[in-house]
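**Student:** The following block contains a protein sequence and its predicted model.
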Amino acid sequence: MGAEALQFFIACVTAAGFGVGIAAFGCGIGQGIGVRGAVEGIARNPESSGKVTVTMLIGLAMIESLCIYALVVALILIYAHPQAATIAGLFGAGGH
């Protein structure tokens with residue numbers, strides 16, 4: 001049972017690492033495209049900079065929330081699974 005739990009833990013940690021990495025990459029690309037559009041809009045019409053900036057910041061917050069959701073799912077994968085007690089015992093953190 002210990003080896004199976006450890007393999008499951010390794011798979012969860014690997015999936016969490018890749019998931020957060022992919023989410024951060026995607027969010028970075030999305031934020032870059034959003035900022036580019038806002039800067040181009042302000043360059044074409046400088047009077048609209050206030051509204052464009054506010055809308056851009058709200059959009060960036062929404063995009064960043066997607067990366068935070070991926071981080072939350074990754075933390076759940078690592079820390080809240082059925083074999084957490086078995087894995088803690090393998091690492092000597094079981095509180096025995």
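**Tutor:** Sure, I can see it. Residues are numbered from 1 along each chain as shown.
**Student:** Report all helices and strands that the longest helix seen in the chain contacts.
**Tutor:** Assignment by DSSP state H gives helix 2-44 as the longest helix of the chain. On a contact count with 3 or more CB pairs under 8 Å, 6 or more residues apart in numbering; DSSP states H and E, helix 2-44 meets helix 49-79, helix 84-90. Heads up, the C-betas are built off the backbone N, CA and C, glycines and all.
**Student:** quick check: mean pLDDT across the longest one?
**Tutor:** Throughout helix 49-79, pLDDT has a mean value of 92.
**Student:** would TSV of the helices and strands packed on helix 2-44 with mean neighbour count be doable?
**Tutor:** Below are those laid out as TSV (neighbours: other CB atoms under 10 Å):
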stretch	mean neighbour count
helix 49-79	14
helix 84-90	15
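**Student:** For the ones you listed, give me TSV that also has distance to Val39.
**Tutor:** As requested, the helices and strands packed on helix 2-44 are exported to TSV (distance: least, CB to CB, whole Å):
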stretch	distance to Val39
helix 49-79	9
helix 84-90	46
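**Student:** Between those, which one is closest to Ile29.
**Tutor:** Distance to Ile29, taken as CB to CB, is lowest for helix 49-79 among the helices and strands packed on helix 2-44, at 9.6 Å.
**Student:** Mind giving me the packing neighbours of the closest one?
**Tutor:** helix 2-44.
**Student:** Check the offset of the helix it packs on from the chain's centre.
**Tutor:** Helix 2-44 sits 5 Å away from the centroid of its parent chain (CA atoms, centre = their mean, to the nearest Å).
**Student:** Just the mean pLDDT for it, thanks.
**Tutor:** 91.
**Student:** could you check the angle helix 49-79 makes with it?
**Tutor:** 180 degrees (axes from the mean of the first three to the mean of the last three CA atoms, to 10 degrees).
**Student:** these two touch, right, Ile42 and Val54?
**Tutor:** No: checked against CB atoms under 8 Å, the pair Ile42 and Val54 is beyond contact range at 11.9 Å.
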